[in-house]
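Q: Just need the structure, nothing else, for what follows:
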Amino acid sequence: MAHRDAVRITSAPKSRSEEVAARQRRYAIQMAIRTICFIAAVAVGPGWLRWVLMAGAVFLPYVAVVMANAEDQREDAFVVGHHKHTRELPGSDADRPIDE
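A: Numbers count the residues shown, from 1 in each chain. Model prediction:
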């Protein structure tokens, strides 16, 4: 009988439609924040706050596109069962007990 590794449901990726919907939602929220930054930059008038808001309006599209294109990197660090796949080298003489 062949040994099969167990699969945990928590390591299963989201469905494609769920993933696309989540990306679209994140992108829309970030573009709404960008619009608010731009409108606020015009409304606050001259000063340092205007430049901070303009920087947000300029750089948010790049961040939004990068985040929208990021894939789900779900990883399950839990190991089912105990399998030893590596060999060990023998210990040194210092690790052995001294015979008296």
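Q: got the contact list for residue 53?
A: Residue 53 makes contacts with 37-38, 40-41, 44, as judged by Cβ atoms under 8 Å, 6 or more residues apart in numbering. Every residue, glycine included, has its C-beta placed from N, CA and C.
Q: hmm, which of these are the buried ones?
A: Neighbour counting over these (16 or more other Cβ atoms under 10 Å) leaves 37-38, 40-41 as the buried ones.
Q: quick revisit: any idea which of the contacts of residue 53 is closest to residue 92?
A: Nearest to residue 92 out of the contacts of residue 53 is residue 37 (Cβ to Cβ; 62.8 Å).
Q: how far away is that closest one from residue 51?
A: 11 Å (Cβ to Cβ, to the nearest Å).
Q: Find the helix or strand that the nearest residue to residue 64 once chain neighbours are set aside is a member of.
A: Excluding its sequence neighbours, the residue lying closest to residue 64 (Cβ to Cβ, 6 or more residues apart in numbering) is residue 30, at 3.9 Å. Per DSSP states H and E, residue 30 falls inside helix 16-44.
Q: Show the secondary-structure elements that that helix is packed against.
A: With contacts defined as 3 or more Cβ pairs under 8 Å, 6 or more residues apart in numbering; DSSP states H and E, helix 16-44 has these neighbours: helix 48-69.
Q: Now do the helix it packs on and helix 16-44, the angle between them.
A: Here helix 48-69 runs at an angle of 170 degrees relative to helix 16-44 (axes from the mean of the first three to the mean of the last three Cα atoms, to 10 degrees).
Q: how near is the residue nearest to residue 64 to residue 65?
A: Separation of residue 30 from residue 65 (Cβ to Cβ): 9 Å.
Q: Comparing these two, which residue is more hemmed in?
A: Between residue 30 and residue 65, counted using other Cβ atoms under 10 Å, the more crowded position is residue 30 (17 against 12).
Q: Sketch out the low-pLDDT regions of this protein for me.
A: Within the chain, the stretches with pLDDT under 70 are 1-12, 71-91, 93-100.
Q: switch to 90 and redo it
A: In the predicted model, the chain carries pLDDT under 90 at residues 1-28, 30-31, 45, 56-57, 60-100.
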